[in-house]
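**Student:** I'll drop the sequence and a predicted model, then ask my questions.
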Amino acid sequence: MIVSFVNKEAFTAKFESAQTKLWLDTNNDQHIWICGSFFQFSAGEGWDRLQGFDISPDNANKNEGIMRIMESNKKMNIFAVQAVKVAPDATIDSQNAEKSFRTKMWVLPVLEERDKQLLAPRLARIYLQKMHDPKHRMSVESKVELLPKVYGVLVKMDQFSFSFSMQAQLAADLIADPDFNANDLQIRALKMGKLRHGSYS
């Protein structure tokens, strides 16, 4: 993926009102850093070879600061930030199950990076415990996509009385439960605090 942009002064007549205060208050080097942050915070491990470039033509003005502001003939500077998307593991690697589960959670909505870090080792441990039961093991692997529905409820709970670690353990236990499929009845029971392992009423 390549994201390109020009210096903030290039199209002020048309687009100045669309620029955020952060963008207006920072320079070109900082703009590259901001753009790179979107890659990092969207799915940090899911991007590889993250790089930023100044690809301005030779006659572009390279100066920053007051001298540039005073110039009447401003040239356009062009920048690009790029990264290569890493393919998530197609199946769980039993030699590194934790890494495989992390890849499956790269772009899941609702989950924070903190939640993914807490979930990955728990899901890996459950998966490896079920190695003797292929059907149960495949069930755990396929239910990772249900985590956003579970966390849609958990994020609204009081983190002081129900810590992030406890939330992750509950989520992992639910994913490991063969009877859990995140249907409306189960999600409603979870919201009411009545959800128990193997019981959804």
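**Tutor:** Cool, got the structure.
**Student:** ok, now which ones touch Glu113?
**Tutor:** 41, 44 (C-beta atoms under 8 Å, 6 or more residues apart in numbering). (Glycine included, C-beta is placed from N, CA and C.)
**Student:** Now do it against Val107, distance only.
**Tutor:** Distance, Glu113 to Val107, using C-beta to C-beta, to the nearest Å: 12 Å.
**Student:** name the element Lys116 belongs to?
**Tutor:** If you go by DSSP states H and E, Lys116 is part of helix 113-129.
**Student:** Restricting the selection to alpha carbons, write the next helix or strand after that helix to CSV.
**Tutor:** As assigned by DSSP H and E, the chain's next helix or strand after helix 113-129 is helix 134-142. Backbone C-alpha positions of helix 134-142 (Å, rounded to 0.1, in the frame of the first residue of the first chain) are rendered in CSV as follows:
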residue,chain,number,x,y,z
PRO,A,134,-9.3,-32.2,15.6
LYS,A,135,-13.0,-31.2,15.5
HIS,A,136,-12.7,-29.1,18.7
ARG,A,137,-9.3,-27.7,17.6
MET,A,138,-10.8,-26.5,14.3
SER,A,139,-13.8,-25.1,16.2
VAL,A,140,-11.5,-22.9,18.3
GLU,A,141,-9.6,-21.7,15.1
SER,A,142,-12.8,-20.8,13.2
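**Student:** avg pLDDT for stretch 42-57?
**Tutor:** Across stretch 42-57, pLDDT averages out at 88.
**Student:** tell me, how many neighbours does Ser163 end up with?
**Tutor:** Using other C-beta atoms under 10 Å, Ser163 is surrounded by 13 other residues.
**Student:** Please report how far it lies from Gln117.
**Tutor:** Ser163 is 14 Å from Gln117, by C-beta to C-beta.
**Student:** How about Val110?
**Tutor:** Relative to Gln117, and taking C-beta to C-beta, Val110 is found at 15 Å.
**Student:** And Met192, by the same measure?
**Tutor:** Distance from Met192 to Gln117, by C-beta to C-beta: 28 Å.
**Student:** of these two, who's got more company?
**Tutor:** Gln117 (14 against 9).
**Student:** ok, the residue lying closest to Leu111 once chain neighbours are set aside - contacts?
**Tutor:** Once flanking residues are discounted, Leu111 sits nearest to Tyr151: 5.4 Å by C-beta to C-beta, 6 or more residues apart in numbering. By C-beta under 8 Å, 6+ apart, the contact set of Tyr151 is 110-111, 115, 167, 171.
**Student:** Lowest mean pLDDT among the helices and strands of the chain, which one is it?
**Tutor:** helix 66-70 (a mean of 46; mean pLDDT, DSSP states H and E).
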